[in-house]
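J.: Turn this into a structure:
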Amino acid sequence: MTPTRVCSSAIDILPRSLITTGCGKFSVGVADRMKLQRYILIDNLELRVMYDDVKSHYKRECREAKKNDFMLFNITKEKARAQR
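T.: Next comes the predicted model:
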C-alpha cells in the first residue's frame, strides 16, 4: 500500500469524533457508543418477559451495566436461568 492510501484508509477507520474534536473528547464518544450497543442488545432479546426483566434490572438496579458488557451478559444469563 502506498502511504497516501494508508492515510486515507486510516481516516475511514477512525471515528469522526476523534478526527474533528481530538483525543480528549474521544472517550465521551466511546461511552455513548457502548450505551447504544447495550440498548441494541437488550432490544433484540426474543422473549418478551426476559426483555422486560433485563431492561428493568438494567435501568433500575445495575446502572454500571450500561458501560460493561460482562455485567450485561451476567444479568441476561441470570434472568434466563430464573425463567427455566
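J.: ok, C62 - how many residues close by?
T.: Per other Cβ atoms under 10 Å, the neighbour tally for C62 reads 15. C-betas here are computed from N, CA, C, even on glycine.
J.: what about it, distance to E46?
T.: Distance of C62 to E46, given as Cβ to Cβ, to the nearest Å: 21 Å.
J.: check contacts around L41.
T.: L41 sits next to L72 when contact means Cβ atoms under 8 Å, 6 or more residues apart in numbering.
J.: Once you drop chain neighbours, what's closest to A82?
T.: D53 (7.7 Å; Cβ to Cβ, 6 or more residues apart in numbering).
J.: wait, doesn't that neighbour sit right on K79?
T.: Yes. Contact criterion Cβ atoms under 8 Å: D53 and K79 qualify, at 4.6 Å.
J.: Buried residues in the strand or helix carrying F73, which are they?
T.: Assessed by DSSP states H and E, F73 sits inside helix 69-83. By 16 or more other Cβ atoms under 10 Å, the buried positions in helix 69-83 come out as 71-72, 75-76, 79.
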